[in-house]
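Undergrad: Model the following, please.
(chains A and B, ligands or ions: 1)
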Amino acid sequence: MAETLTARHPLEGHRDQLEALSAALAPTLALELGELVAAVDLRVDPGSGGADAVEQVVGGPLPARPDTWTALPAGQALRLGPDEWLLTSAAARPEDWEFAVDEAATAHGGMAVDVSAQRTVLWVRGSAARELLSTGCALDLRPRSFPSGRCAQTLLGQAAVLLVAHGEDDLQLVVRPSFAGYVVDLLVDAAREFPPSRHRKETP
Amino acid sequence: MQLIACPWCGPREELEFSYGGQAHVAYPADPAGLTDEQWARYVFFRDNPKGPFAERWAHSAGCRRWFTAVRDTRTHQFVSVGPLAGSEATP
Ligand SMILES: [Zn+2]
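TA: Residues are numbered from 1 along each chain as shown, chains lettered A, B, ... in the order given. Below is the predicted model:
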């Protein structure tokens, strides 16, 4: 019998460290590993009707505006560019997810590629979550300009990341596995600035 | 460091962009018919104006799209930013 390979979070080796840090800094900060999900990169001309066809397959609307995301029944649809979306699913197998989306897209001149292993998810939560990310990110991350429903591809330190706002104290950080260790080191180092007793800093 | 207004993402840190040289350099209609000197002129020779200069920029760390911008080479100020390359889809 062949040995079955199981997917493992690229930051599995950091899990204990992050759990200890989150326990010590609650409720100011928490860093948590995200679950592994199926993800495809969809390229299709938004004017071709391909987006509509994909929406039928994924069971939810694709975000129409730049740098926004929408919830799908078991995942997310994130707008990465004028003709590019990242579609995730926690329910589907990566190969099924790719096949379903690709079939809908190719009929309209588009395509979808499985990128499940290309990115990994880290959650940054707590009342100082946005402040922590701001130590390495030039975007204005205050809730007023980066509210829930927004996402952005940008730089965190030297690493290219995708930031996704789920709530005021709830942000998702999507990063390439090879940069994930660097990003964790960066955030753990920056988290030293946030003692657990610290009160929430009011943002205008 | 300054902000560059990506036509898709909006104003972003200059670090997120990469430079692509002079814009509007057309590929020769008949490349095989060019002399070596004409080919070298197409490949290597670029304008170097003092003042507004139309350039290609890529938002490498953001939407990864190319666009054309006019930059004043004396002040490094962006005079205007055009639409994304190969796409009419601007927000
Ligand atoms: Zn952009």
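
Undergrad: Just to be sure, A:Pro27 is in a strand?
TA: No: using DSSP: H, G, I helix; E, B strand; the rest coil, the secondary structure at A:Pro27 is coil, not a strand.

Undergrad: How much space separates the nearest residue to it once chain neighbours are set aside from the ion?
TA: In space, and not counting its chain neighbours, A:Pro27 is closest to A:Gly126: 5.8 Å by CB to CB, 6 or more residues apart in numbering or on different chains. Placement of C-beta: from N, CA and C, glycine included. Note on A:Gly126: its distance to the ion, by CB to the ion, to the nearest Å, is 29 Å.

Undergrad: ok, now A:Ser134?
TA: From A:Ser134 across to the ion, the span is 20 Å (CB to the ion).

Undergrad: which stretch of helix or strand covers the spatially most central residue of chain B?
TA: By CA atoms, centre = their mean, chain B has its centre lying nearest to B:Arg56, at 0.9 Å. B:Arg56 belongs to strand B:52-58 when assigned by DSSP states H and E.

Undergrad: Buried residues of whichever helix or strand comes after that strand, list them for me.
TA: Once the chain leaves strand B:52-58, the next helix or strand it forms, by DSSP H and E, is strand B:66-72. By neighbour count with 16 or more other CB atoms under 10 Å in any protein chain shown, strand B:66-72 contains the buried residues B:Trp66, B:Phe67, B:Thr68, B:Ala69, B:Val70, B:Arg71.

Undergrad: now, among the residues you listed, which is nearest to the ion?
TA: B:Phe67 (8.1 Å; CB to the ion).

Undergrad: In contact with the closest one, which residues?
TA: B:Cys6, B:Pro7, B:Arg56, B:Trp57, B:Ala58, B:His59, B:Val81, B:Gly82, B:Pro83, B:Leu84, B:Ala85 (CB atoms under 8 Å, 6 or more residues apart in numbering or on different chains).

Undergrad: Contacting the ion as well, which ones from these?
TA: With CB under 5 Å from the ion as the criterion, the contacts of B:Phe67 include B:Cys6, B:His59 near the ion.

Undergrad: Give me the contacts around the longest strand along chain A.
TA: If you go by DSSP state E, chain A has its longest strand at strand A:159-167. For strand A:159-167, contacts defined as CB under 8 Å, 6+ apart pick out A:69, A:76, A:78, A:80, A:86, A:119, A:133, A:137, A:139, A:141, A:143, A:146-156, A:171-176, A:179, A:182-183, A:186, B:61.

Undergrad: is the longest helix seen in chain A up against chain B anywhere?
TA: Using DSSP state H, we find that the single longest helix of chain A is helix A:177-191. No: if you take CB under 8 Å from any CB of the partner chain as the test, helix A:177-191 misses chain B, and the best it gets is 11.8 Å.

Undergrad: Wait, a strand at B:Gly82?
TA: Yes: using three-state DSSP, the assignment for B:Gly82 is a strand.

Undergrad: Now for the nearest residue to it once chain neighbours are set aside: which residues touch it?
TA: Leaving aside its sequence neighbours, B:Gly82 sits nearest to B:Thr68 (CB to CB, 6+ apart; 4.2 Å). B:Thr68 is in contact with B:Ala23, B:His24, B:Ala54, B:Glu55, B:Arg56, B:Trp57, B:Val81, B:Gly82, B:Ala85, counting by CB under 8 Å, 6+ apart.
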